[in-house]
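Asker: Mind folding the following:
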Amino acid sequence: MDTTNASDPLAQLAEALTRASWRLRRSGKQELLALGLTFGQARALRLVVRAPEPLRIGDLAARLEIVPRSATATVDALEGAGLVARRPDPQDRRSILLEATAEGLALIERMDLQRRESAVAMFGRLATGERDELLRLLTRLCESDAEAT
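Answerer: As a prediction, this is how the structure comes out:
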């Protein structure tokens, strides 16, 4: 039974966006499962790879919006899989920096290709202008309140 109020466009929009998000997430979950990663591990690996400079675990935790202990467990799993390495911070010997290994970089490339294939499957039915407009609107929705003013 569909509980979406047919006369409420905002409720319909929220439902459509939720369903699209679930569809992308289901596809991504299957792809990551085949690679032996969870969403959290994949997101952490992406952040480590894409950071302009090596990250400390505390910085990674802040970017993931999780507690440092959870970030440590995630890094432990990624390190155990050979995807990231810890190294001492030359500026502060008490700190540890994270860097992706060659295996981690290669896995990110595979993940990016899979993500693109999923995006083509999901958004390929839209015309280029429609995709551009959807991206513009979603980007606007994702702006923080400070950025939107």
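
Asker: could you point out the longest helix in the protein?
Answerer: Criterion DSSP state H: the longest helix present in the chain is helix 9-35.

Asker: Give the rounded mean pLDDT of that one.
Answerer: Mean per-residue pLDDT for helix 9-35: 88.

Asker: next structured bit after that helix?
Answerer: helix 39-50 (DSSP states H and E).

Asker: got the buried residues for that following helix?
Answerer: For helix 39-50, burial by neighbour count (16 or more other Cβ atoms under 10 Å) applies to 40-49. Every C-beta, even on glycine, is put in place using the N, C-alpha and C of the backbone.

Asker: What residue, apart from its backbone neighbours, is nearest the most centrally placed residue in the chain spatially?
Answerer: Geometric centre of the chain, nearest residue: Arg43, 4.3 Å, by Cα atoms, centre = their mean. Closest residue to Arg43 apart from its sequence neighbours, by Cβ to Cβ, 6 or more residues apart in numbering: Leu64 at 6.4 Å.

Asker: Give the burial count for that neighbour, as a bare number.
Answerer: 16 (other Cβ atoms under 10 Å).

Asker: thought it was touching Ala42?
Answerer: No. Judged on Cβ atoms under 8 Å, Leu64 makes no contact with Ala42 at a distance of 11.2 Å.

Asker: so where's this structure shaky on pLDDT?
Answerer: 1-5, 145-149 (pLDDT under 70).
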